[in-house]
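K.L.:
Attaching a predicted model along with its sequence, questions to come.
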Amino acid sequence: MSIKSLLAKPFAKIVAKKIEKWANNPVETQEMVFKRLIKDASTTIFGKDHDFDSITTYEDFAQRVPIRDYETLKPYVERVVAGEEDVLWKGKPIYFAKTSGTTSGSKYIPITKESMPTHVEAARNAILMYINETGNAKFVDGKMIFLQGSPILNEQNGIQLGRLSGIVAHYVPKYLQKNRLPSWETNCIEDWETKVDAIVEETLPENMTVISGIPSWVQMYFEKLQQKTGKKVGDIFKNFNLFIFGGVNYEPYRAKFENLIGRKVDSIELYPASEGFFAFQDKQDEKGMLLQLNSGIFYEFIKADEFFNDNPKRITIKDVEVNVNYVMIISTNAGLWGYNIGDTVQFTSTAPYRIIVSGRIKHFISAFGEHVIGKEVEQAMQEAIEGTDIRISEFTVAPQINPVEGLPYHEWFVEFENEPKDVLKLAERIDASLQKQNSYYFDLIEGKVLQQLKITRVKENGFQEYMKSVGKLGGQNKIPRLSNDRKIADVLSAQKTET
């Protein structure tokens, strides 16, 4: 055991105590964050426009600052992009995280000198909490990989511009630099398939102990490793025992991953976004991720089923309830105010505050009033394949409003690794789970408004082909789990899939 792994344990213990301190004082912690944000931004253009000087309570803030998405905040962001100072936050951002927006084209999310450290510290703390809980620190002596975007940054009016994962690549701690893969040159490759091939070549001879990234793209890496060697990933990397992931729910992929690896490995779930690092898994045996209440982010929540009302009720952390679907609203030390990031979350615990990501407020199916969300379809799939040898590579769901015959239905596009003997039986199990979870869906089935869902098989690598066709192969891009239209469904249908 190296000095590095020996020192990791006492360091992890110190960090865990600091986290426990604010996690056990959540309301007070958030009040402190709120007051600091208002004070620090009071002299900005946004602060003056919204009379921050007179804000003394959360109620004052909620009255003065409306909920905004990127499109409505864009006039302020454009002034920052143009090089103006003191607009949303004091001074200028040090980075813009550039993301692909579905309605706004490219989005420029500001990252400031105050917000940047929270992205790095949260990822570090997730690993340290794992070490503190399990006592396992051997992996710090091996090689670690994060499948991420290119770290090459551009400059616009004195501000560095790039993908969040590429920006974060510049902040790998010095004590991990020798452990980090892929090489800088490989990481800079833009074409995703070429990049993964290069990563396979670089990592094959190494002692890989930690692998991280969005599950769908790590899966592609694992499959290429297996194709290259004919071996399970766990046989190639005998000391690989920790998978770190974020972006999507791991459960639908778990069975396939365990098959590709050849054994079970520990995992840590993260909830990073360009707008902030919101949560990470702090316990191996607890459901949900610890909400980061001390990271320069003030949180508000709106019940998802009330979100599109004229004046939905906004609440803070002290009033949330477990198992309720909320739209998460943030105000941050990067200059986002009353900002709707588009995600929905559910609390699994309020002591401490832990969350799961339940979906996207724009990613749902309610073509008939069923209000089906991402968490429900993922749980339905997971329950349906549990205890079977069925493994899936990817899936997405869309409504079929105008079928050739019969009642409308939900169409599940599924790419199987190994197909079930009876697809209709699988569809019945999924449908039963969905009816159990969602009373609206149950009523529509019972009332003969909808018929049972149908599964459409997607050919091998069909989802990868779709993502490539829309220019979103690799990086931090991921397939929406469900849609209220058939934009994705129609492309997959055109691939000559088999129902």
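P.N.:
That came in fine, so what should we check first?

K.L.:
Tell me the secondary structure at residue 441.
P.N.:
Per DSSP: H, G, I helix; E, B strand; the rest coil, the local secondary structure of residue 441 is helix.

K.L.:
residues in contact with the closest residue to residue 374 other than its chain neighbours?
P.N.:
Among residues not flanking residue 374 along the chain, residue 359 sits closest, at 3.0 Å (CB to CB, 6 or more residues apart in numbering). For every residue, glycine as well, the C-beta is placed using N, CA and C. The contact partners of residue 359, by CB atoms under 8 Å, 6 or more residues apart in numbering, come to 325, 343, 344, 373, 374, 375, 481, 482.

K.L.:
could you list every residue that touches residue 368?
P.N.:
If you count contacts by CB under 8 Å, 6+ apart, residue 368 has them with 399, 408, 444, 449, 450.

K.L.:
Just the C-alpha atoms of the helix or strand hosting the first one, please, in CSV.
P.N.:
Assigned by DSSP states H and E, residue 399 belongs to strand 391-400. Included here for strand 391-400 are C-alpha records, laid out as CSV according to Å, rounded to 0.1, in the frame of the first residue of the first chain:
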residue,chain,number,x,y,z
ARG,A,391,-30.2,-7.6,-20.7
ILE,A,392,-30.8,-4.3,-22.5
SER,A,393,-28.4,-1.9,-24.1
GLU,A,394,-30.7,1.1,-24.3
PHE,A,395,-34.4,2.1,-24.6
THR,A,396,-36.7,5.0,-25.0
VAL,A,397,-40.5,5.5,-24.9
ALA,A,398,-42.9,7.5,-27.1
PRO,A,399,-46.7,7.7,-27.5
GLN,A,400,-48.3,6.1,-30.6
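
K.L.:
Tell me the helices and strands packed up against that strand.
P.N.:
Packing partners of strand 391-400 (3 or more CB pairs under 8 Å, 6 or more residues apart in numbering; DSSP states H and E): helix 251-261, helix 374-385, strand 409-418, helix 462-469, helix 487-493.

K.L.:
Could you pull out the helices in the stretch 151-300 of the chain for me?
P.N.:
Using DSSP state H, counting those that start in this stretch, the helices of the stretch 151-300 of the chain run over 164-168, 184-187, 192-203, 215-229, 233-236, 251-261.

K.L.:
Give me the helices and strands touching the second one, please.
P.N.:
Spelled out, that is helix 184-187. helix 192-203.

K.L.:
List the buried residues in the helix it packs on.
P.N.:
Across helix 192-203, burial judged by 16 or more other CB atoms under 10 Å covers 192, 195, 196, 197, 198, 199, 200, 202, 203.

K.L.:
for stretch 159-171, same thing?
P.N.:
Within stretch 159-171, the residues scored as buried using 16+ other CB under 10 Å are 159, 160, 161, 162, 163, 164, 165, 166, 167, 168, 169.

K.L.:
low pLDDT regions in the stretch 351-499 of the chain?
P.N.:
Across the stretch 351-499 of the chain, the ranges flagged by pLDDT under 70 are 474-476, 496-499.

K.L.:
typo on my end, the chain
P.N.:
For the chain, applying pLDDT under 70 flags the ranges 1, 100-105, 175-176, 474-476, 496-499.

K.L.:
Show me the residue at the heart of it, geometrically.
P.N.:
Nearest to the geometric centre of the chain sits residue 247, at 2.5 Å (CA atoms, centre = their mean).

K.L.:
Report the contact partners of the residue nearest to residue 152 when sequence neighbours are not counted.
P.N.:
In space, residue 152 comes closest to residue 188 once its chain neighbours are excluded; the distance is 5.4 Å by CB to CB, 6+ apart. Residues near residue 188 by CB under 8 Å, 6+ apart: 150, 151, 152.

K.L.:
One more: residue 361?
P.N.:
Applying CB under 8 Å, 6+ apart, we find residue 361 in contact with 304, 307, 327, 340, 342, 343, 344.

K.L.:
Show me which of those is closest to residue 366.
P.N.:
residue 304 (11.0 Å; CB to CB).

K.L.:
before we move on, back to that, my guess is the residue nearest to the centre of the chain contacts residue 214. True?
P.N.:
Yes: counting by CB atoms under 8 Å, residue 247 touches residue 214, with 4.2 Å between them.

K.L.:
Would you mind measuring the gap between the ends of stretch 477-492?
P.N.:
17 Å (CA to CA, to the nearest Å).

K.L.:
i'd like the first residue to be 11 from this point on
P.N.:
Shifting the count to begin at 11 puts that one at stretch 487-502.

K.L.:
That stretch: which residues count as buried?
P.N.:
So for stretch 487-502, counting by 16+ other CB under 10 Å, buried means 487, 488, 489, 490, 491, 492, 493, 496, 498, 499, 502.

K.L.:
What is the most widely separated pair among those?
P.N.:
487 and 496 (20.0 Å).

K.L.:
returning to what we had before: any idea which of the contacts of residue 371 has the most stuff around it?
P.N.:
residue 354 (26 neighbours; other CB atoms under 10 Å).

K.L.:
Just the element for it, please.
P.N.:
Residue 354 belongs to strand 349-360 when assigned by DSSP H and E.

K.L.:
Give me the residues contacting that strand.
P.N.:
For strand 349-360, contacts defined as CB under 8 Å, 6+ apart pick out 77-80, 83, 283, 285, 296-298, 311, 314, 330-342, 363-372, 383-385.

K.L.:
what angle sits between that strand and helix 384-395?
P.N.:
Between strand 349-360 and helix 384-395, the angle comes out at 50 degrees (axes from the mean of the first three to the mean of the last three CA atoms, to 10 degrees).

K.L.:
Could you check the angle the very next helix or strand once past strand 349-360 makes with strand 349-360?
P.N.:
From strand 349-360 onward toward the C-terminus, using DSSP H and E, the following helix or strand is strand 363-370. If you take the same axes, to 10 degrees, strand 363-370 sits at 130 degrees to strand 349-360.
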